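[1] pasted the sequence and its predicted model underneath.
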Amino acid sequence: MTELLRTDLYDLHVSLGAKMVPFAGWEMPVQYPMGVMKEHLHTRAEAGLFDVSHMGQVIVPLSAIDALEALIPVDIAGLKEGRQRYGIFTNAAGGILDDLMIARKSDHLFLVVNAACAEADIAHLQAHLPEVTVIRDRALIALQGPKAEATLARLMPSVAEMRFMDVAEAEWQGQVLWISRSGYTGEDGYEISVPSAVAVAFTQALLEMEEVAPIGLGARDSLRLEAGLCLYGHDLDPDTTPVEGNIAWAIQKVRRKGGAREGGFPGADRILAELETGAARRRTGLRPEGRAPMREGVEVFDAPEGGAKIGTITSGGFGPSVGAPIAMAYLPSTLTEGDTVWGEVRGKRLPAKVAAMPFQVQTYKR
């Protein structure tokens, strides 16, 4: 059995009473003594601190933009310095290999990839790009919630000027921190890449503030589900296209049919065709009726009895802020908001209504 990796903050998590679990090859905190429900609500009301150091941090030179655009169907060349963009690696069939964040700095691009796919993503980049630098001496933390700006600005006042999807650098105790303003919770917040040498001290400085609490993977999952955001390996996978995944907004006009840099990425024929005509199925929001959650793997049918199986739930649970069960499933594109479908929970079919996403209003500072 492969030994689990540990982030720079492992000992701090243990000292805070975290329950540690294996996740994507790492030993990560799933919850703290506060518990998942309170951690979730704390993030929505104040500021939650997440260790996301298990994610892959990669630098590529600006000279690699064309090579990177040959792997990713988004406008990277048009990305302005000091900004970041959501991107996707696609395969020859138009499926999604992973989703990632791409930031443009003065002389390079900074990429953050998912932990579970990091090894494969880095190998993919190294096979197609002339120069790839993997960052292994920095932690990555996320500070999320309505009080995130005020909290972080106490340590680095300049962050208050940033807007959604801005990236910047700031100094703390003589060290340069790389900061982006976005978030996987639907709340305003920041991601901060911190040199390992000061990772624990910086995290402790934030945790000393009254409004900041440590948050585990459990609440991270319920927060992103309420925000209608995908978890790779669950809601997105190599057999699902960006159009099916309901993330076609990530593909700018310049890479679409008739655009100046149309296509040129893996699976372009299928993806460009689906952008024009749609896909037969798509990732859809569901609001199960009653209080019983419909979790990942629940099969969805078009009738309360008999009928046809029309899809499967990819993410589902109870939304603490919504106060009701919520779910996402791949269902026929012909369904519209308000339509009823039935999920089979422990042998019993229960109704659910097709619903708009996000389930919780996003509060990014635009």
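    Nice, thanks for sending it over. Residues are numbered from 1 along each chain as shown.

[2] would you put the C-alpha positions of the strand ranked longest in the chain in CSV?
    Longest strand in the chain by number of residues, with DSSP state E as the criterion: strand 309-319. Extracted in CSV, the C-alpha atoms of strand 309-319 (Å, rounded to 0.1, in the frame of the first residue of the first chain):
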residue,chain,number,x,y,z
LYS,A,309,-34.0,4.9,-16.4
ILE,A,310,-33.0,8.4,-17.6
GLY,A,311,-29.9,9.2,-15.6
THR,A,312,-27.8,8.9,-12.4
ILE,A,313,-27.1,11.3,-9.7
THR,A,314,-23.4,12.4,-9.6
SER,A,315,-23.5,14.6,-6.5
GLY,A,316,-26.2,14.8,-3.9
GLY,A,317,-26.8,15.5,-0.2
PHE,A,318,-28.5,17.9,2.2
GLY,A,319,-27.8,21.6,1.7
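
[3] what is the mean pLDDT for it?
    Throughout strand 309-319, pLDDT has a mean value of 98.

[4] and the following helix or strand past that strand, which strands flank it?
    Using DSSP states H and E, the helix or strand that follows strand 309-319 in sequence is strand 324-332. Using DSSP bridges, the strands paired with strand 324-332 are strand 281-288 (antiparallel), strand 309-319 (antiparallel).

[5] list the buried residues of strand 324-332.
    Pro325, Ile326, Ala327, Met328, Ala329, Tyr330, Leu331, Pro332 (16 or more other CB atoms under 10 Å). (Each C-beta comes from the backbone N, C-alpha and C, glycine too.)

[6] farthest-separated two in the residues you listed?
    Using CB to CB, the pair of the buried residues of strand 324-332 lying farthest apart is Pro325 and Pro332, separated by 21.4 Å.

[7] hmm, back to that, out of the strands paired with strand 324-332, flag the one nearest Leu5.
    Of all the strands paired with strand 324-332, strand 309-319 comes closest under CB to CB, at 25.1 Å.

[8] give me the residues contacting that closest one.
    Residues outside strand 309-319 that contact it (CB atoms under 8 Å, 6 or more residues apart in numbering): 221-222, 225-226, 230-231, 234-235, 281, 283-284, 286, 288, 293-302, 324-332, 341, 343, 359-360.

[9] mind listing what's buried in that strand?
    Under 16+ other CB under 10 Å, the buried positions of strand 309-319 are Ile310, Gly311, Ile313, Thr314, Ser315, Gly316, Gly317, Phe318, Gly319.

[10] thanks again, I'm all set now.
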